[in-house]
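Visitor: okay, here's the prediction I keep looking at, along with the sequence it came from:
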Amino acid sequence: MDAALISTERLRVYEQLRAAFLPVNYKYHQRSRFLAWKQVKRELHEYIQEMRVLAASLVGNPLPEHIKVTVFMDGLMVGPFRTQLFRVHANTMEEAIQIALQEEYSHSQARTPMSATMRQQPQCKVLQQLEEVAEAATQEPGGKI
């Protein structure tokens, strides 16, 4: 069989399946959902996952990358991720996603209290006791260490 004939046949079958199983306005509906998608109260990774799914659903009639980046940035809640994206210029939606994820990681690391990352260890307690003794000795008149 001729390759062009096979391609034409596949296209015809694809169109028949699409007409049978997808709503008439499916492409419009998916594009509209993508353009209107917002993070609202979702976690960043949930928002990113849904943006990727919606972007993949537009594969037949894709949007330009700069539009995807703009929609992604505008959909983010106001916060450090969005601020960083406005500082750094992302060329693709995946690049914007990576920047947002890196900023989320940096922000979560900065928020972690020191006591959670480094518990009072025995050496720290000994040093603290030595400092207290030294401070008490210097406050007493004629006190020596």
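Guide: Done, it's in.
Visitor: L58 touches S32, doesn't it?
Guide: No: between L58 and S32 there is no contact under C-beta atoms under 8 Å: 10.7 Å. (C-beta placed from N, C-alpha, C; glycine too.)
Visitor: ok, now which ones touch M73?
Guide: Shown in contact with M73 (C-beta atoms under 8 Å, 6 or more residues apart in numbering): 82, 85-86, 90, 96.
Visitor: confidence score at I67?
Guide: For I67, the model assigns a pLDDT of 96.
Visitor: and it, how far is that from L58?
Guide: 10 Å (C-beta to C-beta, to the nearest Å).
Visitor: who has more neighbours out of the two?
Guide: The neighbour comparison of I67 against L58 (other C-beta atoms under 10 Å) goes to L58, with 16 against 13.
Visitor: please enumerate the helices of this protein.
Guide: With helices called from DSSP state H, the chain shows them at 3-21, 26-36, 44-56, 65-75, 80-87, 93-111, 114-117, 122-139.
Visitor: what's the most distant pair in the contacts of M73?
Guide: Maximum pairwise distance among the contacts of M73 (C-beta to C-beta): 12.0 Å, between R82 and A90.
Visitor: I'm done for today, thanks for sticking with me.
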